[in-house]
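Trainee: Requesting a structural model of the entry that follows:
(one chain, ligands or ions: 1)
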Amino acid sequence: MTGNTTGAHGAALKDAPPADERPVIEMKAAGKSYGNIRALHGVDLSVYAGNVTCVLGDNGAGKSTLIKIVSGLHQHTEGEFLVDGEPVRFSTPREALDKGIATVYQDLAVVPLMPVWRNFFLGSEMTKGPWPLRRLDIEQMKKTADEELRNMGIVLDDMEQPIGTLSGGQRQCVAIARAVYFGARVLILDEPTAALGVKQSGVVLKYIAAAREKGLGVIFITHNPHHAYMVGDHFSVLRLGAMELSASRSDVSLEELTNHMAGGTELASLKHELAQVRGVDVEGLPEEGDLTAPVATSSEGKS
Ligand SMILES: Nc1ncnc2c1ncn2[C@@H]1O[C@H](COP(=O)(O)OP(=O)(O)OP(=O)(O)O)[C@@H](O)[C@H]1O
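Mentor: Here you go, the predicted structure:
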């Protein structure tokens, strides 16, 4: 239950956080309605320091709604949302950032033609000299960005390189390193591997593990159960706005997770019908009743 295993990138994966540890972020029966559309309901979620919580779900499952609540873009309309045990209701992303919650979106807010170091400090530039002679401290910014990236294991030949010339995976990693430098305690990663090939996805997964090793709590949003299973300590699967599965690593196999994500329940119920269609191979599809992984419980995140 408390033993560690090792993930694809050699990082320690925990079965469960210590029983006395308080989650940094907690949702209790939380939900959100847009007018009369109930996008999310009854969601229990706990995010611990030094843990990767994967939130999986198909299109329209409610993943974006969930991260918008945590990152301060929307407010929940049901249940509770707590940070460090205190109920919160953010009005702006700034308020979430002030609590150490940083979000890295898939379409990164970078200026492609600007150098890497400039993007690293965008909006929070270092300056030097007394007013009115205050000016950008370019050398210090370059040096710090280089150091911080190396700290995360990212070595770039040239900090002057426009960020647009980096690969998608490298850009994600720069964004992760930036959030770590600016004091994030919780990192929300919105489908960081969705647009990437196998190798680049591996690079990003490595930095997710690096962020965890630095003690950050990570919420990793993804469609991909294989990517989730390589780094995840806990898995929450959303379906139609509700938590269909909430399980610690020790309680769910990759196969079970994949079945849940592949719409296993729907596919199993369709298996009989599909079997009648010529040219459709149903051999690998799960049977109804095969999906035995545990569903959400009140001890979510600590089971
Ligand atoms: N601003 C909005 N107004 C009304 N309905 C919305 C709004 N945002 C989302 N929804 C609805 O809420 C549900 C959940 O959407 P959400 O975007 O959170 O899902 P998702 O899991 O992020 O999907 P995807 O992977 O496609 O981005 C969907 O039915 C969607 O149509």
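
Trainee: CA only for contacts and neighbour counts going forward, please
Mentor: Will do.

Trainee: Assign a three-state SS to the residue nearest to Asn224 when sequence neighbours are not counted, would you?
Mentor: Spatial nearest neighbour of Asn224, excluding adjacent residues (CA to CA, 6 or more residues apart in numbering): Leu56 at 7.4 Å. Under the three-state scheme (DSSP: H, G, I helix; E, B strand; the rest coil), the conformation of Leu56 reads as strand.

Trainee: And for Leu56, the neighbour number?
Mentor: Other residues within reach of Leu56 by the criterion other CA atoms under 10 Å amount to 28.

Trainee: separation between the closest residue to Asp84 other than its chain neighbours and Ala247?
Mentor: Once flanking residues are discounted, Asp84 sits nearest to Val24: 4.8 Å by CA to CA, 6+ apart. For Val24, the distance to Ala247 equals 18 Å [CA to CA, to the nearest Å].

Trainee: neighbour count winner among those two?
Mentor: More crowded of Val24 and Ala247, by other CA under 10 Å: Ala247, with 27 against 21.

Trainee: Would you check that the more buried one makes contact with Gly232?
Mentor: No - the criterion here is CA atoms under 8 Å, and Ala247 misses it with Gly232 at 10.5 Å.

Trainee: show me what contacts the residue nearest to Asp84?
Mentor: Contacts for Val24 were tallied using CA atoms under 8 Å, 6 or more residues apart in numbering; they are Ser46, Val47, Tyr48, Ala49, Leu82, Val83, Asp84, Gly85, Val186, Gly217.

Trainee: Now, those residues that are in strands?
Mentor: When DSSP state E is applied, these are split such that Ser46, Val47, Leu82, Val83, Val186, Gly217 fall in strands.

Trainee: most surrounded residue in those?
Mentor: Within the ones in strands among the contacts of Val24, neighbour counts (other CA under 10 Å) peak at Val186, which reaches 32 neighbours.

Trainee: which ones are touching that residue?
Mentor: Val186 makes contact with Val24, Ala49, Gly100, Ile101, Ala102, Leu216, Gly217, Val218, Ile219 under the criterion CA under 8 Å, 6+ apart.

Trainee: which one of the residues you listed is nearest Phe121?
Mentor: When the contacts of Val186 are compared for distance to Phe121 (CA to CA), Ala102 comes out closest, at 14.7 Å.

Trainee: In three-state terms, label that closest one for me.
Mentor: Reducing the assignment to helix, strand or coil with three-state DSSP, the entry for Ala102 is strand.

Trainee: who touches it in this structure?
Mentor: If you count contacts by CA under 8 Å, 6+ apart, Ala102 has them with Ser71, Ala96, Ala179, Ala184, Arg185, Val186, Leu187, Ile188.

Trainee: By neighbours, which of those residues wins?
Mentor: Most neighbours among those, by other CA under 10 Å: Val186, with 32 neighbours.
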